[in-house]
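Chemist: give me a model of this one.
(one chain, ligands or ions: 2)
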Amino acid sequence: MKGQKAKQGAKGTENLLGKSKSQAQGKFKAEQLEIKKIHIAGSGAIGSLLAGAAEKQGLPYGLYPRNPVFQVNKASIEKPEFEPAKTETPTPYFVEWTDGTEYPIRQINSNKPHLSPSDMLVLPLKVHHLKTALTQWLPLIDKRTPVVLLHNGMGGYEIAKSILPAQQPLLLATTSHGAMKRTSTQVIYTGVGNTQIGIAPHLVSHKQLTMPEWAKSVCHTLHALLPPVRYQTDIMKALWAKLAINVVINPLTALNNITNSHIAGEQFANERKTLCEEFAQVANACGQSFDAIEIEQQVIKVAGLTASNYSSMHQDVKNQRQTEIEAINGYIVNMAQKKGIEVPLNTLLTKQITARLT
Ligand SMILES: NC(=O)C1=CN([C@@H]2O[C@H](COP(=O)(O)OP(=O)(O)OC[C@H]3O[C@@H](n4cnc5c(N)ncnc54)[C@H](OP(=O)(O)O)[C@@H]3O)[C@@H](O)[C@H]2O)C=CC1
Ligand SMILES: CC(C)(CO)C(=O)C(=O)O
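Modeler: Ligands and ions are numbered 1, 2, ... in the order given. The predicted model follows:
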């Protein structure tokens, strides 16, 4: 099976419906699937993984690289202009699934998308990419097109709120699936995790007891593509919980050039404890409810589950790419300042990671 190439070409939505019925049992019903096409902004590791999943399930998809498709200028905001990609990918590249099968995916470079309410836009980007990407996509989406933010760290929601219309259907998500770009033509699905998703808090009505149809459709589609998807009624709590993990594992693995497994060890006991305490103090001052000891147990668990991983920050530092430090430890430092709390270790790690790239 290893290296086996899957046949290219979408097989239509029946295939997705057929697969999703069994995959989504007990979660979402097949008749809730109304998303006709998934548009993926950014062909990084997770974006490519989603495209591979769409290829695998036969759901029409568009995978768009950074910048080249649409230039941001005043004119393009009124009437978006498409230009040929500077980084055109004439041949497909491949996503290698967990069973070794390879699915060919292509980036879209020249077709001008117009997203309808039955399309969805997913942004599996780093927070520091979001402002530009959302500004580029805004003229291309209908005001009823569901938009999904999918990233580590915090701050993306505020950026999206400042750019999108107030009533734009918006979901916030975080994933623990692992994906890695091994070469320019190969992305590997390195670890099956899960995706947690929820409606942006400003769209949640306490009077509405059931999920709106658009949110069901999005969750169902994502679950059919890359299961399991867990719907969270309090997505902010889930994002804070993921942040806690990243606050500890990411900077320590990046600075010490180690895999995640080491973070569970005795040598990091002091840093682990202090970071969890600083996190809990800040999160709780921001209206959350976290216990430092429970967070530390969770960090140790995740470090064990992802033992052989190099964290995303480790990879960014190694490849001299901008890290997500501002959205992770930097976010804790900013929130701590606002609340008058001292967070010396988060402050130090933020400075040390930032210094690595200058
Ligand atoms: N990879 C993983 O295993 C996991 C990742 N995550 C999180 O998911 C998010 C995405 O991660 P990942 O896929 O690894 O990141 P990558 O860096 O691989 O992908 C981000 C992609 O976004 C592209 N990009 C930047 N700006 C734009 C833009 N304006 N329009 C379109 N594309 C743009 C980048 O382009 P270019 O290539 O030109 O830089 C890059 O290809 C991060 O927050 C990460 O922490 C969470 C769990 C696991
Ligand atoms: C959970 C963890 C730490 C897995 O590596 C991660 O989210 C990351 O690397 O950014």
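Chemist: sec struct for Arg182, please.
Modeler: Under DSSP: H, G, I helix; E, B strand; the rest coil, the three-state class of Arg182 is strand.
Chemist: OK, contacts around it?
Modeler: Ile188 (Cβ atoms under 8 Å, 6 or more residues apart in numbering). Using the backbone N, CA and C atoms, a C-beta is placed for each residue, glycine as well.
Chemist: and what of Lys36?
Modeler: 13, 60, 116, 118-119.
Chemist: also Ser184?
Modeler: Residues in contact with Ser184 (Cβ under 8 Å, 6+ apart) are Tyr93.
Chemist: so how far is Pro201 from it?
Modeler: 39 Å (Cβ to Cβ, to the nearest Å).
Chemist: got a pLDDT number for Lys181?
Modeler: pLDDT recorded at Lys181 is 89.
Chemist: brain fart, Ala41
Modeler: We note a pLDDT of 95 for Ala41 in this prediction.
Chemist: in the stretch 101-250 of the chain, what residue comes closest to ligand 2?
Modeler: Taking Cβ to the nearest ligand atom, ligand 2 has its nearest neighbour within the stretch 101-250 of the chain at Ile249, 4.1 Å off.
Chemist: looking at this protein, which helix is longest?
Modeler: Secondary structure assigned by DSSP state H gives helix 235-256 as the longest helix of the chain.
Chemist: and the residue of this protein closest to ligand 1?
Modeler: Residue nearest to ligand 1 within the chain: Gly44 (1.7 Å; Cβ to the nearest ligand atom).
Chemist: tell me where the stretch 201-350 of the chain has strands.
Modeler: Counting by DSSP state E, counting those that start in this stretch, the stretch 201-350 of the chain has these strands, from start to end: 229-231.
Chemist: might you enumerate the residues of it proximal to ligand 1?
Modeler: Proximity of the stretch 201-350 of the chain to ligand 1 is confined to 312, 324 under the rule Cβ under 6 Å from any ligand atom.
Chemist: 8 Å instead, please
Modeler: Taking Cβ under 8 Å from any ligand atom as the measure of proximity, the stretch 201-350 of the chain contacts ligand 1 at 246, 309, 312, 315-316, 321, 324, 327.
Chemist: circling back to that earlier point, give me the pLDDT for the residue of the stretch 101-250 of the chain closest to ligand 2.
Modeler: Confidence score, pLDDT, at Ile249: 98.
Chemist: quick one: contacts for it?
Modeler: 260, 263, 299, 302-303, 306, 311.
Chemist: tell me the two of those that are most distant?
Modeler: Farthest-apart pair in the contacts of Ile249 is Val299 and Ser311; separation 11.9 Å (Cβ to Cβ).
Chemist: compare those two (neighbour count), which wins?
Modeler: Taking neighbours as other Cβ atoms under 10 Å, Val299 and Ser311 compare with Val299 leading, 26 against 23.
Chemist: neighbours around the nearest residue to that one once chain neighbours are set aside, how many?
Modeler: With Cβ to Cβ, 6 or more residues apart in numbering as the criterion, Val299 has its nearest non-adjacent residue at 4.7 Å, and that residue is Val248. Counted by other Cβ under 10 Å, the residues lying close to Val248 total 29.
Chemist: let's see stretch 275-290 as CSV, backbone CA atoms only.
Modeler: Extracted in CSV, the C-alpha atoms of stretch 275-290 (Å, rounded to 0.1, in the frame of the first residue of the first chain):
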residue,chain,number,x,y,z
LEU,A,275,4.6,28.2,32.7
CYS,A,276,1.4,26.4,33.8
GLU,A,277,1.0,28.7,36.8
GLU,A,278,1.6,31.8,34.8
PHE,A,279,-0.9,30.6,32.2
ALA,A,280,-3.6,29.7,34.7
GLN,A,281,-3.3,33.1,36.4
VAL,A,282,-3.7,35.0,33.1
ALA,A,283,-6.4,32.8,31.7
ASN,A,284,-8.4,33.0,34.9
ALA,A,285,-8.0,36.8,35.0
CYS,A,286,-9.4,36.7,31.4
GLY,A,287,-12.6,35.0,32.6
GLN,A,288,-11.5,31.4,32.0
SER,A,289,-11.3,28.7,34.7
PHE,A,290,-8.1,26.6,34.6
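Chemist: roughly how far out does that stretch sit from the chain middle?
Modeler: Relative to its chain's centre, stretch 275-290 lies at 23 Å (Cα atoms, centre = their mean, to the nearest Å).
Chemist: report the contact partners of the spatially most central residue of the chain.
Modeler: Centroid check for the chain by Cα atoms, centre = their mean gives Leu150 as the closest residue, at 2.6 Å. Leu150 makes contact with 46, 122-125, 173-175, 195 under the criterion Cβ under 8 Å, 6+ apart.
Chemist: mind putting those into a markdown table with secondary structure and neighbour count?
Modeler: Listed next are the contacts of Leu150 as a markdown table, based on DSSP: H, G, I helix; E, B strand; the rest coil; neighbours: other Cβ atoms under 10 Å:
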| residue | secondary structure | neighbour count |
| --- | --- | --- |
| Ile46 | helix | 25 |
| Val122 | strand | 26 |
| Leu123 | strand | 23 |
| Pro124 | coil | 24 |
| Leu125 | coil | 22 |
| Ala173 | strand | 25 |
| Thr174 | strand | 25 |
| Thr175 | strand | 22 |
| Thr195 | strand | 23 |
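Chemist: ligand 2 contacts on this protein?
Modeler: Taking Cβ under 8 Å from any ligand atom as the contact definition, the chain meets ligand 2 at 152, 176, 178, 242, 245-246, 249-250, 253, 260, 302-303, 306, 309-315, 324.
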